[in-house]
Structure formats: C-alpha cells, structure tokens
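S.K.: sequence plus the predicted model coming up.
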Amino acid sequence: MEENFVKNPRLDNSSWSDVLVQALPYFRHWVGKTVVVKYGGNAMLNENLKSAVMKDLVLLNTIGVKVVLVHGGGPEINHMLERVGKESKFINGLRYTDFETMEIVQMVLTGKLNKDICKIIEQEGGNAVGLSGVDSGLLRAKKLEKDGVDLGFVGEVEEVHPEIIESLLNEGFIPVVSSVAMGLQGDSNSYNINADTAAAKIAIALNAEKFVQLTNVAGVLRDVNEPGSLIPRIHIEDVQKFIDDGIISGGMIPKIECCMLARRGGVPRTHIIDGRVPHSLLIEMFSDRGIGTMIY
C-alpha cells in the first residue's frame, strides 16, 4: 500500500476502495462522538500544514464528529512582544506575564490568532465559532505560583463550564478556543493559561471520546535520534518508569502529563501525534496504521 502511494500518488480504483473500506468502521464509530484537539507547534506555523489540519477538522465535522479545537500561540505572542519592544521573560520555562503582557496575550490569542483559525476553517467549508476561556465563563483559573515564584497573570484552570461549547457542538459548529481564562468568583483578572492543560480539562468536562495533542515530534521515541523507535502505546502505569529511564524527558513530560490527566478524568483515548505530517489526525482516526503515541 505504501509503495503504491510512492509510485503512483493517483491511486487506482482498487486501492481507493481498500482505503474507503478500511475507513468505514471508523466513520461509524466516531459519528456523534466528541474529539478535543490541542493545536500548536509546526502545524500552526506552516501554512500548508495549517490548511491540512483545518481540512481534517471540517471533514470530521461534516461526517458528524463533534470536534473542538483548543490553541495557544507562544511564537505569535513572542513576535508581537518584539514588535512593541517588550522583552519576553521566562521563569523555570514559564512565561512571566505582567499586566501589559497579559493585554498583548489576549490581543494575540483571542483576537488575531483565534479569528485567523476560524477564517481558515470557514474557507475550507466549515462553520467555526471563536471563543476564549472568558466567554460565558468557560474557563476559570486561579493565580499560579510555581515553587513560590510569582509568574504574574499566569493561571491554573480550576473550573470548566462547557455549556457554551456543548451548545455550539449541538448546532453543528466547530468551537475554536484560545487559552485565556477569567479569574474565580471575586477575581476580576484574566489569566494566561497552558493550552495543553486547558484542552485536557475541556476534554474531561465534555466527556470526550478522544483527546489529541498535535506536536512537533513523532510521539514518544525510545531513542530520540532514531525516528523508527516510536513507541505507539504506553500504559499509564508505565509512564513513571519511562521518565525515570530518560525515555520521556524535557518538553514531552508535560504533554504526557496532560494525556494522563485526561485519561484519569475519564477520556478513553489520549494521543500525542505528529502535527508535521499532513492529515495526521485523519490517519490516526480512520486507518489501521495509527500514528504517534497513545497513553492508555
């Protein structure tokens, strides 16, 4: 099958029928189910990959899958801060967000970037509605302090009120959620929140069937220098051993932790897949091949 793709990108009728027959059971399974996708990395920066992701979302929506897209936008925030002459400050890998930076975060995430994503979905034939965690009190956060360090207006999601998303899904829309939250009751501030964690908690609140993180890597590799060493499935109880052995390390640890958070919250399927591969979401959902790493 793979040789056929390489030698002849225009598949013959027999090959096309094989693809469709293989996908049919998956179509049946996913109709009416909710899938939460955390969108970022190269898939967000590369125009061709961006278009491929939006096409995937529109296809899922068209066949009756209830799909929610959650996004951050660190590189875009950095770019805007540079344009206004404000230095990005990080403490232990987390962005320090003062009041002025928070205003820029909201402008970039809930304004430009969120609406740009919605526009592309609309251009691909879908119906998207842009939201932030502030809209309808979707996400409420408390101020986050890491190891006693003040990070400014950085928050940790404490409450998810998904009614607005549920209403949009039931009307056939694709909700696109930016990672900004409002404070808890009595706190009038807005907070910059981690998009991976927000997506996992939204997946739990929606009783989603699948939580997917699109990343810049193939998944968890046994040897980071060997692309063929992908580990397709990791049991949740084995994660700590992989961390102790150094197989899961660096930026992969928080992504795995978000998968574990979603899984322990009742989401049956949690995945880290390669957003650099065009249509990786469709490959994962509608083929026997799968892609990336599943935490089960």
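M.R.: Ah, there it is.
S.K.: and Pro232, how many neighbours does it have?
M.R.: The number of residues packed near Pro232 is 13, by other CB atoms under 10 Å. Glycine gets a C-beta too; all of them are placed from N, C-alpha and C.
S.K.: I'd assumed Thr293 was in contact with it.
M.R.: Yes. Pro232 lies in contact with Thr293 (CB atoms under 8 Å); the separation is 6.2 Å.
S.K.: so what sits against both of the two?
M.R.: Gly219 (CB atoms under 8 Å, 6 or more residues apart in numbering).
S.K.: which stretches of the stretch 101-250 of the chain form helices?
M.R.: 114-123, 163-170, 195-205, 239-244 (DSSP state H, counting those that start in this stretch).
S.K.: from the centroid of this structure, which residue is nearest?
M.R.: Central residue of the chain (CA atoms, centre = their mean): Lys38, 0.6 Å from the mean position.
S.K.: show me the contacts for the nearest residue to it once chain neighbours are set aside.
M.R.: Distances taken as CB to CB, 6 or more residues apart in numbering place Ala199 nearest to Lys38, at 3.8 Å, with adjacent residues excluded. Neighbouring residues of Ala199 by CB under 8 Å, 6+ apart: 36-38, 70, 211, 213, 258.
S.K.: distance of Lys255 relative to Ala23?
M.R.: Separation of Lys255 from Ala23 (CB to CB, to the nearest Å): 27 Å.
S.K.: those two: who's more crowded?
M.R.: The residue with more neighbours, out of Lys255 and Ala23, is Lys255; 22 against 15, by other CB under 10 Å.
S.K.: what about the more buried one, which SS state?
M.R.: At Lys255 the chain is in helix, as set by DSSP: H, G, I helix; E, B strand; the rest coil.
S.K.: so which bits of stretch 106-120 are buried?
M.R.: Neighbour-count burial for stretch 106-120, with 16 or more other CB atoms under 10 Å as criterion, is recorded at 106, 108-110, 113-114, 116-118, 120.
S.K.: stretch 21-40 too?
M.R.: So for stretch 21-40, counting by 16+ other CB under 10 Å, buried means 30, 33-40.
S.K.: if we can go back for a sec, so which strand or helix has the residue nearest to the centre of the chain?
M.R.: Using DSSP states H and E, Lys38 sits within strand 34-39.
S.K.: what mean pLDDT does that strand have?
M.R.: Strand 34-39 comes out with an average pLDDT of 96.
S.K.: that strand pairs with which strands?
M.R.: Sheet pairing of strand 34-39 (DSSP bridges) gives strand 66-71 (parallel), strand 210-215 (parallel).
S.K.: ok, which of those comes nearest Asp18?
M.R.: strand 210-215 (24.4 Å; CB to CB).
S.K.: how long is stretch 241-254 end to end?
M.R.: 15 Å (CA to CA, to the nearest Å).
S.K.: what comes up buried for that stretch?
M.R.: Quick answer for stretch 241-254 (16+ other CB under 10 Å): 242, 247-248, 252.
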